[in-house]
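Peer 1: structure here, sequence nowhere to be found:
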């Protein structure tokens, strides 16, 4: 399945529906294996800030919105620039964005095993997790994805709710809910993820992107 442009998704959203976005942060600087913080302090590039602002500016600005982020700075920056693009002054700075620990470590079962994976072939480890549904570092795939979705919906009361997180926690959700395929040559792009459109009768999950392509091709 292909990623849907956010503009296409919005054209089909009905008045009585609300939309929840779980998105990867915008473009960041490169993270090296030698980084002792595993990239925790790596921020957005200027291009990433512009991406998030443009994304926000493309969204309706009249309805209420809420913004949540991983504690990692680049996610908070992305949320703030989306808000700034919408003209939402209550959330237009990273300090105004509410942090959710779940958006930073929801799938982690064993932090030591997780850090070891980060030091080696993390992307391949993540792909193995998608294939097997189990991994020493991560909680069981199916149950954890379902719990993640419940957590997002429970916190979503506004017309628009934005959750900014990381590729490692968005890819499992896309693989589980929409059966999307990823590989070392085709990864999730920045500012891409999934949208949950909630109606009085239920919800539906869509893969969405705020960029021309929801995949990064290597």
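Peer 2: Looks like it came in fine. It should be emphasised that the depicted structure is a prediction, and the values quoted were computed from it without experimental measurement. Residues are numbered from 1 along each chain as shown.

Peer 1: every contact and neighbour count from this point should use C-alpha atoms.
Peer 2: Noted.

Peer 1: number of nearby residues for residue 142?
Peer 2: Taking other Cα atoms under 10 Å as the neighbour definition, residue 142 ends up with a count of 17.

Peer 1: again, but for residue 149
Peer 2: Burial of residue 149, expressed as a neighbour count using other Cα under 10 Å, amounts to 15.

Peer 1: next one: it from residue 176, what distance?
Peer 2: Taken as Cα to Cα, to the nearest Å, the spacing of residue 149 relative to residue 176 amounts to 11 Å.

Peer 1: ditto for residue 110
Peer 2: Separation of residue 110 from residue 176 (Cα to Cα): 21 Å.

Peer 1: these two: which is more packed in?
Peer 2: The residue with more neighbours, out of residue 110 and residue 176 and counting by other Cα under 10 Å, is residue 176; that gives 18 against 13.

Peer 1: just the pLDDT for the more buried one.
Peer 2: Residue-level confidence at residue 176 comes out at 97, pLDDT.

Peer 1: isn't it up against residue 144?
Peer 2: No - contact between residue 176 and residue 144 fails when scored by Cα atoms under 8 Å: they sit 10.0 Å apart.

Peer 1: how many residues are close by the nearest residue to residue 209 once chain neighbours are set aside?
Peer 2: Spatially, and ignoring its direct neighbours in sequence, residue 209 is nearest to residue 192 (4.1 Å; Cα to Cα, 6 or more residues apart in numbering). For residue 192, the number of neighbouring residues by other Cα under 10 Å comes to 30.

Peer 1: so the most centrally placed residue in the chain: helix, strand or coil?
Peer 2: Centrality entry for the chain: nearest residue to the mean C-alpha point is residue 23, 2.5 Å, by Cα atoms, centre = their mean. The three-state label for residue 23, taken from DSSP: H, G, I helix; E, B strand; the rest coil, comes out as strand.
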